[in-house]
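Engineer: structure for this input, please:
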Amino acid sequence: MTWTETTNLKFCLLNAENLFLMFDGIPSKEALNLKEAHWQRLSTSVYENKPLKKTQDIAKALKEINADIIMLCEVGGLESLNNFNLLFMDEAYSPCLIEGNSERNIDVGFLIRKGLPFYFDLQSNKHRLINYLYPHERDSLAHGYPVKGGKITTSHKFSRDVVELKLFKSDRDKPFMIILLTHLKSRLDPERIDPNGFERRQAELRTLIEIYQELEKTHPQVPVMVAGDFNGNAGLTGTDEEFKDIYNLTSLRDVLEVAQLEIEERATFYQVRNSSRADGRQIDFVFIPPLLHPYLKPASAHVHRYKDEFGMAHDIPRNMDAKLSLPSDHYPLVFEIEKLPLK
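Structural biologist: Sure, this is the predicted structure:
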């Protein structure tokens, strides 16, 4: 009988909500004792640093979760991720981030625990075209008019990125797992050219699926995971229209669905209404292929709730003050994979 080396991995996905941590000098741990006003004065960046208390609370939650691979959205570049790891995570992780296309400079990236029995490689798809033009651009193109920068636009790119993290034992061309991490177009439409960002988000989703299918073809029998902030309901029940191709074109399934977690326990984001009512929705997803289903640790998949100073879970935010007091407007999604072969 041939022995195969395996590994257990705990994953966490979190939109950290504007995790900017940029300083004019090299920060020291003494900075963690500053008052908020002094904390903000450590940087003259045009981007305001995430409040100290919120950053400490995110770190507290992540340390409690104790994941091996942390997948993050809304990180203010590699500098911010490095500073977060240095100041708040005891340098226990290797920061891994490629800056993408975001006009707000919010990127997707990873913290990968040091000392794991494998290597990793990160690639970007930020230059990939998504085969999409806005309606007014399609109109201009049809009539041969310049529509952007004096040139005819052929397609937009991802509003952020889709990054590929390959995990491998010795040969980077032979990974044992691949993770696609993204942050799809938001529902904001300040220019009033794409209501709720629907068309752009749908185009990004379809290109994400193309990347997934290409990796499936190139690396058969290698599980490819797809994760990120989808900015809508990509779940199996009541799927928003722009995400239906996940189920039409792939065998991917939401890890919380595979774990049979109750629908009401899957909310990763709460919309606060004026009537003191909070609508919980899952908009952050980790999709796994059938290849990974047998390795999902039973009962490990859940949405982590932030805790107060006494270790009690915070109530669901029912007003804006309560929501704004949380470390992030999203909650971490957590799950474990057991005895995954390293081959």
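Engineer: give me phi/psi at Arg104?
Structural biologist: For Arg104, the backbone dihedrals are phi -100, psi 0 (criterion: degrees, to the nearest 10).
Engineer: ok, now which ones touch Leu32?
Structural biologist: Going by C-beta atoms under 8 Å, 6 or more residues apart in numbering, Leu32 touches 52, 56, 87-88. Any C-beta I mention is one placed from the backbone N, CA and C, and that applies to glycine too.
Engineer: just the buried subset of those residues, please.
Structural biologist: Neighbour counting with 16 or more other C-beta atoms under 10 Å marks 52, 87-88 as buried within the contacts of Leu32.
Engineer: what strands line up against the helix or strand hosting Leu111, and which way round?
Structural biologist: Element membership of Leu111, judged by DSSP states H and E, is strand 107-113. Sheet pairing here is set by DSSP bridges, and for strand 107-113 it gives strand 69-75 (antiparallel), strand 93-97 (antiparallel).
Engineer: buried set for the helix or strand following that strand?
Structural biologist: The helix or strand immediately downstream of strand 107-113 is strand 119-123, counting by DSSP H and E. By 16+ other C-beta under 10 Å, the buried positions in strand 119-123 come out as 120, 122.
Engineer: about what we covered before: from the contacts of Leu32, which is closest to Ala267?
Structural biologist: Each of the contacts of Leu32 was scored against Ala267 by C-beta to C-beta, and Gln56 proved nearest at 23.9 Å.
Engineer: one step back: closest one of the buried ones among the contacts of Leu32 to Ile69?
Structural biologist: Phe88 (17.4 Å).
Engineer: contacts only, for the spatially closest residue to that closest one that is not a sequence neighbour.
Structural biologist: Take Phe88 and drop its neighbours on the chain: the residue closest to it by C-beta to C-beta, 6 or more residues apart in numbering is Ala59, 3.7 Å away. Residues near Ala59 by C-beta under 8 Å, 6+ apart: 84, 88-89.
Engineer: so where do the helices sit in the chain?
Structural biologist: 36-40, 52-65, 77-88, 135-142, 198-218, 245-249, 255-258, 320-324 (DSSP state H).
Engineer: ok so, going back, tell me which of the strands paired with strand 107-113 sits most buried.
Structural biologist: The highest mean neighbour count among the strands paired with strand 107-113, using mean count of other C-beta atoms under 10 Å, belongs to strand 69-75: a mean of 27.
Engineer: using PDB, write out every CA atom in that one.
Structural biologist: Taking Å, rounded to 0.1, in the frame of the first residue of the first chain, the C-alpha atoms of strand 69-75 are listed here in PDB:
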ATOM      1  CA  ILE A  69      -5.400  30.300   5.200                       C
ATOM      2  CA  ILE A  70      -7.200  33.600   5.600                       C
ATOM      3  CA  MET A  71      -8.800  35.000   2.400                       C
ATOM      4  CA  LEU A  72      -9.400  38.800   2.600                       C
ATOM      5  CA  CYS A  73     -11.300  41.400   0.600                       C
ATOM      6  CA  GLU A  74     -11.000  45.200   0.900                       C
ATOM      7  CA  VAL A  75      -7.400  45.300   1.900                       C
END
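Engineer: max-length strand in this protein?
Structural biologist: The strand that spans the most residues within the chain, counting by DSSP state E, is strand 6-19.
Engineer: by contact count, what packs against that one?
Structural biologist: Applying 3 or more C-beta pairs under 8 Å, 6 or more residues apart in numbering; DSSP states H and E, one finds that strand 6-19 makes contact with helix 52-65, strand 69-75, helix 77-88, strand 224-229, strand 284-288, strand 333-341.
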